[in-house]
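> I would like the atomic coordinates for the input below:
(one chain, ligands or ions: 1)
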Amino acid sequence: MGWFLHWLAVHTGTVNESGPFYGFWSGFGSDLGELALIGAIVTGYRHVNCHVKGCPRIGHHPVEGTPYRVCRRHHPAMSDKFPTVEDIHAAHRAAKKGPAMPDYVTAPGGPE
Ligand SMILES: [Zn+2]
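Below is the predicted model of the structure:
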């Protein structure tokens, strides 16, 4: 029973038996950990976001012939509006027929 009370005291912070490094890891050291975590998130975000300068959207769409990935709004062959299922089926049929994309994909301004 004595060992249990001691364990409880240590783990609830009643007795500080963790040594000099406990203060480090719970203070400044944990800030370092958080900085590393935030750094990792920022790095990951910068890796996936749109390559257009200042654009915060996720770059889902590779631009053919370039190393860039951009968002829907900045892709040269996409409208910034979501396609309907008919649009997608028409694009699929057009792609099966040949390389030309249907007008609504390449037309300036897209479907209004
Ligand atoms: Zn973008």
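
> gap between the two ends of stretch 65-72?
Distance across stretch 65-72, first residue to last, is 17 Å (Cα to Cα, to the nearest Å).

> Wondering if that stretch reaches the ion at all.
Yes. Residues of stretch 65-72 contacting the ion under Cβ under 5 Å from the ion: residue 71. All C-beta spots, glycine's among them, are computed from the backbone N, C-alpha and C.

> contacts for that stretch?
48, 50-52, 55, 57-63, 78-80, 82 (Cβ atoms under 8 Å, 6 or more residues apart in numbering).

> Could you identify the most distant pair in the residues you listed?
Farthest-apart pair in the contacts of stretch 65-72 is 48 and 79; separation 22.0 Å (Cβ to Cβ).

> higher neighbour count, these two?
Applying other Cβ atoms under 10 Å to residue 48 and residue 79 shows that residue 79 carries more neighbours, namely 18 against 11.

> so that one, which of the three states?
Following DSSP: H, G, I helix; E, B strand; the rest coil, residue 79 is assigned to coil.

> Against residue 45, how distant is it?
Look at residue 79 and residue 45: by Cβ to Cβ, to the nearest Å, they are 25 Å apart.

> show me where the protein has helices.
Secondary structure of the chain (DSSP state H): helices at 2-11, 20-26, 28-48, 85-97, 103-106.

> How about the longest one and the ion, touching?
No. If you take Cβ under 5 Å from the ion as the test, helix 28-48 misses the ion, and the best it gets is 11.8 Å.
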